[in-house]
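>>> Have a look at this prediction, sequence included:
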Amino acid sequence: MQEDFQDVLSNDEQNAHSNKDYLNLDDSLSKIPVLSFPEIEVLALFGSNDAKLKKFSFGFQGIRRYLDIHQQTLTIALKRLVRKRIIAKNNDQEYFLTKHGGNLVSNLFNRSEEESNDSNYSELNEFPSCEIEMKINLKREDHNKIANRLKGKWFSHYRYVGSSIGEDKSILEWITDEANYSASVCSNNNGDIRITVSALKFCDGQRLREETSKVSLFVEKNLREIFDQSPILKRKIENVKSQPSLDSTYLNNWIEQIYQSQIQQNYS
């Protein structure tokens, strides 16, 4: 069960979170703290190239399913990271890196990011994805209304992961129970919606198309309820090659390298 983080914060930290000035509070923290293995797993998720580019924030269950980590273990790890002011929670109850956390992740994973961009790795870890483009008439509405409607929802065997909400567009992501597929829905103020379903493991093409249809039906149903209309344009793009942002095998190796490096740094 997810616990309330206020019971592990000092009064100053509670005030900082309440007043939303915790980003400035992190400036005084410059040294790399000692981190447990589960904490490094969480930071590796935040430190992935895809998550950083999107400025992604993750829900508790999304982190748990991506990392395949025990719920109680994750709760303790998140508590400690909040106490160290490395992560914080936004108003949507999703976790994001603080300023100090961002600097820490950059220091921890800088070398591994260069390795992850290696062309040999990219070629070996490409899996297919399927995309559907939609167009709707937003009138006076914007992408935030779509994001707020879809945020936190579970459907079929897809479990909500997290979001990236910007001024011009919103991105929401889901992952299946078995972590075989991930789905993202990106919408912007022009009424353009892109649904992408990516295989995280080798899969049958027909199954991928079926998974994409599930996500598309879920989005269309909600669009009709929000705007009382179906997409005025729908185009399917199949078999797009994509490198999954969080390949579990590579992520585990990455985490182990960082963990061993930190042990040497802190105890040598």
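Yep, it's here. What you see is a predicted model; the values in this text were computed from it and never measured. Numbering: from 1, shown residues only.
>>> For the rest of this, base every contact and every neighbour count on C-alpha atoms.
Will do.
>>> Tell me where the stretch 1-150 of the chain is predicted with low confidence.
1-33, 49-50, 52-54, 110-126, 138-141 (pLDDT under 70).
>>> what about the helices in it?
In the stretch 1-150 of the chain, the helices defined using DSSP state H, counting those that start in this stretch lie at 11-18, 22-25, 37-47, 49-54, 60-67, 71-83, 99-116, 119-124, 143-150.
>>> The fifth one vs helix 71-83, what angle?
Pointing back at helix 60-67 there. Put simply, helix 60-67 runs at 110 degrees to helix 71-83, going by axes from the mean of the first three to the mean of the last three Cα atoms, to 10 degrees.
>>> Would you enumerate the residues in contact with the closest residue to His70 other than its chain neighbours?
Leaving aside its sequence neighbours, His70 sits nearest to Arg64 (Cα to Cα, 6 or more residues apart in numbering; 7.1 Å). Residues near Arg64 by Cα atoms under 8 Å, 6 or more residues apart in numbering: 70-71, 74.
>>> now Lys153: how far from Ile40?
Look at Lys153 and Ile40: by Cα to Cα, to the nearest Å, they are 28 Å apart.
>>> Compare those two (neighbour count), which wins?
Ile40 (22 against 12; other Cα atoms under 10 Å).
>>> I'd like to know how far that one sits from Gly101.
12 Å.
>>> Remind me what the longest helix anywhere in the chain packs against, helices and strands.
Determined from DSSP state H, the single longest helix within the chain is helix 205-227. With contacts defined as 3 or more Cα pairs under 8 Å, 6 or more residues apart in numbering; DSSP states H and E, helix 205-227 has these neighbours: strand 127-135, helix 143-150, strand 192-199.
>>> let's go with 10 Å and repeat that
strand 127-135, helix 143-150, strand 158-165, strand 181-188, strand 192-199, strand 233-242 (3 or more Cα pairs under 10 Å, 6 or more residues apart in numbering; DSSP states H and E).
>>> Can you tell me which of these is nearest to Val34?
Of all the helices and strands packed on helix 205-227, strand 158-165 sits nearest to Val34, with 26.9 Å by Cα to Cα.
>>> who does that closest one touch, helix- and strand-wise?
helix 49-54, strand 57-58, helix 60-67, strand 95-97, helix 143-150, strand 169-176, strand 181-188, helix 205-227.
>>> Show the pLDDT at Thr176.
Note for Thr176: predicted pLDDT of 92.
>>> Can you give me the neighbour number for it?
Thr176: 21 surrounding residues under other Cα under 10 Å.
>>> domains for this structure, by residue range?
5-119+247-267, 127-242 (automatic domain parsing).
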